[in-house]
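[1] just need the structure, nothing else, for what follows:
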Amino acid sequence: MEQITERLLSWASILEPATREQAERTASMPFVHPHLALMPDAHLGLGATVGSVIPTDGAIIPAAVGVDIGCGMMAVRTQFTGDDLRGRNLATLHEQVSRSIPLSAGGRNRRVRDTAAPRVEELRGMPGADQADGVADSWPLQLGSLGSGNHFIEVSLDEADRVWLFLHSGSRGVGNKLASKHIRVAQERTRARGVEVPDRDLAYLEEGEPEFDTYIEALRWAQRFAALNREEMMDRVADQLSRFLTEEVRREQVVQCHHNYTEREIHSGREVWLSRKGAISARAGQWGLIPGSMGAASYVVVGKGDPASLMSAPHGAGRAFSRTAARKRFSRADLDRRMAGIAWGRSDAFLDEHPDAYKDIDVVMADAADLVEIRHTLRQVVNVKGD
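    Numbering: from 1, shown residues only. All right, here's what the predicted structure looks like:
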């Protein structure tokens with residue numbers, strides 16, 4: 001761990017100057033208490049750095065939560081082993097999963113599935129549903145859809161050759177629109193106060209204002225949508241694996257965690273709003289998930305409850321190159337080589353997700369050694385993504 005300033009601690013051994021400067025700006029906000037914790041996978045983000053843990057007293061920066069509110073991971077350890085998969089055509093399983101779950105940025109279901117219906121009803125009954133309807137009234141059709149970018153669905157094997165189902169997604173279009181709306185409101189409120197911030201995306205809402213309460217309502221709704229979205233997709237993935245192996249999936253272990261969200265927590269003796277933007281909660285004994293990039297290992301971990309990190313850990317590998325730079329830098333032939341032995345989408349559309357477009361996950365995990373204990377190492381054999 002490196003203390004960069006009085007209010008900025010970093011666990012990142014790989015830290016670009018621009019990322020460091022961005023984190024310093026966020027940490028300088030007067031309501032950050034006691035300090036900002038920068039995770040090993042930190043990289044540039046909108047306003048606040050991706051891979052940062054930001055405790056705030058009496059205010060929240062909507063852009064410091066991120067535009068994919070509630071984004072996170074879910075994993076299920078099954079009763080199956082690699083022997084159950086070997087000798088089978090995993091491209092068929094890839095195709096089954098791809099047909100079962102809408103992929104890509106605008107992907108949605110044609111109708112609300114029977115499994116999704118009770119989840120939709122739960123969300124309709126929550127405060128914040130009216131805000132969701134106001135920005136994206138078709139949100140029920142996106143429940144159970146993946147999205148694009150670094151979102152994925154994987155079938156993996158752990159160090160004991162056990163089969164895991166692993167996926168990464170968030171609150172889809174509705175979460176993005178809710179976040180974007182409240183970032184604009186925060187910018188308007190900050191201007192109205194006559195306050196100058198070091199970055200317009202560090203605009204904030206003050207506790208006690210009606211706009212703050214409205215944002216918290218939308219935030220909690222979107223966080224729940226994201227969790228239910230992952231549950232719905234996992235049900236479908238498990239169903240497809242059951243069909244593929246002609247045996248019902250037993251869920252031997254289930255782990256789920258957000259990594260773009262805000263909660264009320266106590267740190268340094270004070271109750272704060274803790275925003276994790278690209279970070280997971282890592283309290284002592286708490287299970288978590290840290291995925292690598294395409295073709296790389298992912299990790300099932302248990303938190304160590306490190307107080308300096310605000311009981312947090314990284315959420316993944318963290319980008320090393322922008323999507324545009326990655327497309328120019330990496331070749332399809334190299335991506336094919338790196339994905340050898342894995343059933344995947346086999347498309348140029350995934351060049352920006354090349355493993356080397358991200359930091360080395362092994363370096364990230366070494367940096368996080370004081371934050372989490374690795375319990376399982378997962379190696380993907382099927383990788384489903386949206387282009």
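
[2] could you use CA atoms for every contact and neighbour count after this?
    Fine.

[3] so where's the stretch 1-150 of the chain uncertain?
    For the stretch 1-150 of the chain, no stretch is flagged by pLDDT under 70.

[4] please enumerate the strands of it.
    Under the criterion DSSP state E, counting those that start in this stretch, strands of the stretch 1-150 of the chain are mapped to 2-5, 8-10, 36-43, 50-56, 59-60, 72-81.

[5] will you turn these into CSV that also has mean neighbour count?
    Below are these laid out as CSV (neighbours: other CA atoms under 10 Å):
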stretch, mean neighbour count
strand 2-5, 12
strand 8-10, 23
strand 36-43, 31
strand 50-56, 30
strand 59-60, 24
strand 72-81, 21
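
[6] make a markdown table out of the ones you listed and add distance to residue 114.
    Listed next are the strands of the stretch 1-150 of the chain as a markdown table, based on distance: least, CA to CA, whole Å:
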| stretch | distance to residue 114 |
| --- | --- |
| strand 2-5 | 50 |
| strand 8-10 | 46 |
| strand 36-43 | 38 |
| strand 50-56 | 36 |
| strand 59-60 | 37 |
| strand 72-81 | 21 |
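
[7] those strands: which one's closest to residue 196?
    For residue 196, the closest of the strands of the stretch 1-150 of the chain is strand 59-60, at 15.3 Å, according to CA to CA.

[8] what's the distance between that closest one and the middle of its chain?
    From the chain centre to the centre of strand 59-60 is a distance of 21 Å (CA atoms, centre = their mean, to the nearest Å).

[9] I'd like to know which elements it is packed against.
    Under the contact criterion of 3 or more CA pairs under 8 Å, 6 or more residues apart in numbering; DSSP states H and E, strand 59-60 touches strand 205-206.

[10] on that earlier part again, out of the strands of the stretch 1-150 of the chain, which gets nearest to residue 353?
    Each of these has some distance to residue 353 by CA to CA; the shortest is strand 36-43, at 15.4 Å.

[11] hang on, the earlier thing: and the strands of the stretch 1-150 of the chain: which comes nearest residue 301?
    Proximity to residue 301 (CA to CA) singles out strand 72-81 among these, at 11.5 Å.

[12] who are the packing partners of the closest one?
    Where contact means 3+ CA pairs under 8 Å, 6+ apart, strand 72-81 is packed against strand 162-169, helix 210-245, strand 253-258, strand 287-290.

[13] tell me the angle of the longest one relative to strand 162-169?
    Taking axes from the mean of the first three to the mean of the last three CA atoms, to 10 degrees, one finds that helix 210-245 is oriented at 150 degrees with respect to strand 162-169.

[14] dump stretch 15-31 to PDB, restricted to CA.
    The C-alpha coordinates for stretch 15-31 follow below in PDB (Å, rounded to 0.1, in the frame of the first residue of the first chain):
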ATOM      1  CA  LEU A  15      -0.800   3.200 -11.900                       C
ATOM      2  CA  GLU A  16      -0.800   5.600 -14.900                       C
ATOM      3  CA  PRO A  17      -0.100   9.300 -14.100                       C
ATOM      4  CA  ALA A  18      -3.500  10.400 -15.400                       C
ATOM      5  CA  THR A  19      -5.300   7.800 -13.300                       C
ATOM      6  CA  ARG A  20      -3.300   9.000 -10.200                       C
ATOM      7  CA  GLU A  21      -4.200  12.600 -10.900                       C
ATOM      8  CA  GLN A  22      -7.900  11.800 -11.300                       C
ATOM      9  CA  ALA A  23      -7.900   9.900  -8.000                       C
ATOM     10  CA  GLU A  24      -6.200  12.900  -6.300                       C
ATOM     11  CA  ARG A  25      -8.900  15.200  -7.500                       C
ATOM     12  CA  THR A  26     -11.600  13.000  -6.200                       C
ATOM     13  CA  ALA A  27      -9.900  12.600  -2.800                       C
ATOM     14  CA  SER A  28      -9.600  16.300  -2.500                       C
ATOM     15  CA  MET A  29     -13.400  16.800  -2.300                       C
ATOM     16  CA  PRO A  30     -14.100  18.300   1.200                       C
ATOM     17  CA  PHE A  31     -16.600  15.700   2.200                       C
END
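
[15] distance between it and the chain's centre?
    21 Å.

[16] what do you get for stretch 228-241?
    Centroid separation for stretch 228-241 versus its chain: 17 Å, with CA atoms, centre = their mean.

[17] in it, which residues are buried?
    For stretch 228-241, the neighbour count (16 or more other CA atoms under 10 Å) marks 228-234, 236-241 as buried.

[18] ditto for stretch 246-254
    Residues of stretch 246-254 classed as buried by neighbour count (16+ other CA under 10 Å): residue 249.

[19] again with stretch 14-22
    For stretch 14-22, by 16+ other CA under 10 Å, it's 14-15, 19-20, 22.

[20] re earlier: mind putting the buried residues of stretch 228-241 into JSON lines with pLDDT?
    Below are those laid out as JSON lines (pLDDT from 0 to 100):
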{"residue": "228", "pLDDT": "98"}
{"residue": "229", "pLDDT": "98"}
{"residue": "230", "pLDDT": "98"}
{"residue": "231", "pLDDT": "98"}
{"residue": "232", "pLDDT": "98"}
{"residue": "233", "pLDDT": "97"}
{"residue": "234", "pLDDT": "98"}
{"residue": "236", "pLDDT": "97"}
{"residue": "237", "pLDDT": "98"}
{"residue": "238", "pLDDT": "98"}
{"residue": "239", "pLDDT": "98"}
{"residue": "240", "pLDDT": "98"}
{"residue": "241", "pLDDT": "98"}
